[in-house]
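Novice: Structural data only, the sequence is not supplied:
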């Protein structure tokens, strides 16, 4: 097939013009796309607001909800025991003296338990001050626990990769109980000696005392922090306090 020179040049020119036009068209589309991207509004950044501060939350202790009600305010102690006639010349009538102390210093239910323990002692045990005092101590250890300040909690929201946290602490703004105030007085006056009573032991010991017994305990334990301590100060009363108890019962 033969193509003359004139036709060849015409065809070549047409092809060249088409190539340039196609390139110009593609370049125009690319430029338009770049301009559209440049003028587009950037997407909003993720919120960087500061997380809220601690949030107060209510604390519900299921153990307290299910615990039986404990009340030491009810009870009537029996008559105090004495030593038998055959022991009167052998030992002092310590069991009667301490029984009267327990009645004067303990809450009604606690005193009832302590006196019942004394009455169950054998004749030779009633002459043993350690065994007699143990009846009072065991009754105090079985007393209803002293009420503690309620717990309060704060929820701290998560920050970054950290998990949210809940902080529990005793509500120090709550009114201090009589037992708590008495123990604070004892510990403050005794100082930081490691042999001094702990707060937990103090609260349990004082929980079963009445107003008279608690005041006497504060005076005794604060004066004899290390040489006597809580145990030897249990129901140690002044004579006028014991005089209020009818020793004939």
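Specialist: Good, I have the coordinates. This structure is a prediction, so every number in the text was calculated from the model and none was measured.
Novice: Can you pull the phi/psi pair for residue 198?
Specialist: phi -90, psi 160 (degrees, to the nearest 10).
Novice: can you offset everything so residue one is 30?
Specialist: Sounds good: first residue 30 from here, last item residue 227.
Novice: Which pLDDT does the model give it?
Specialist: pLDDT, residue 227: 89.
Novice: Which stretches in this protein count as helices?
Specialist: Secondary structure of the chain (DSSP state H): helices located at 34-68, 91-95, 123-134, 137-148, 158-170, 207-219, 228-236, 240-252, 258-261, 268-271.
Novice: Flag whichever of those has the least confidence on average.
Specialist: helix 34-68 (a mean of 52).
Novice: Got the confidence number for residue 220?
Specialist: At residue 220, pLDDT is 88.
Novice: Give me the distance between it and residue 254.
Specialist: Per CB to CB, to the nearest Å, residue 220 is found 7 Å from residue 254. (Glycine included, C-beta is placed from N, CA and C.)
Novice: and those two? which has more neighbours close in?
Specialist: Neighbour count, other CB atoms under 10 Å: between residue 220 and residue 254, residue 254 has more, with 20 against 9.
Novice: can you list the domains in this protein?
Specialist: Domains of the chain are assigned by automatic domain parsing as 114-170, 175-271.
Novice: what's the most buried one of the ones you listed?
Specialist: Mean neighbour count (mean count of other CB atoms under 10 Å) peaks for domain 114-170 among these, with a mean of 19.
Novice: ok, back up a step: residue 108 is nearest to which of the domains of the chain?
Specialist: When the domains of the chain are compared by CB to CB, domain 114-170 sits nearest residue 108, at 8.1 Å.
Novice: Ok, which of the domains of the chain comes nearest residue 100?
Specialist: domain 114-170 (7.3 Å).
Novice: In this structure residue 214 contacts residue 251, no?
Specialist: Yes. Between residue 214 and residue 251 there is a contact under CB atoms under 8 Å: 6.8 Å.
Novice: what's near enough to touch the nearest residue to residue 125 once chain neighbours are set aside?
Specialist: Leaving aside its sequence neighbours, residue 125 sits nearest to residue 111 (CB to CB, 6 or more residues apart in numbering; 4.9 Å). Neighbouring residues of residue 111 by CB atoms under 8 Å, 6 or more residues apart in numbering: 122, 124, 125, 155.
Novice: Now flag whichever of the residues you listed is closest to residue 226.
Specialist: Among the contacts of residue 111, residue 124 lies closest to residue 226 (CB to CB), at 26.6 Å.
Novice: From residue 113, how far out is that closest one?
Specialist: For residue 124, the distance to residue 113 - CB to CB - is 11 Å.
Novice: Same check on residue 163?
Specialist: For residue 163, the distance to residue 113 (CB to CB) stands at 20 Å.
Novice: Next: residue 216.
Specialist: In terms of CB to CB, residue 216 sits 43 Å off from residue 113.
Novice: Tell me who's in contact with the residue lying closest to residue 143 once chain neighbours are set aside.
Specialist: Once flanking residues are discounted, residue 143 sits nearest to residue 168: 3.8 Å by CB to CB, 6+ apart. Residue 168 sits next to 131, 135, 139, 140, 142, 143, 146, 237 when contact means CB under 8 Å, 6+ apart.
Novice: Is it possible to get JSON lines of these that adds distance to residue 265?
Specialist: Shown next, in JSON lines, are the contacts of residue 168 (distance: CB to CB, whole Å):
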{"residue": "131", "distance to residue 265": "11"}
{"residue": "135", "distance to residue 265": "13"}
{"residue": "139", "distance to residue 265": "16"}
{"residue": "140", "distance to residue 265": "15"}
{"residue": "142", "distance to residue 265": "19"}
{"residue": "143", "distance to residue 265": "14"}
{"residue": "146", "distance to residue 265": "18"}
{"residue": "237", "distance to residue 265": "15"}
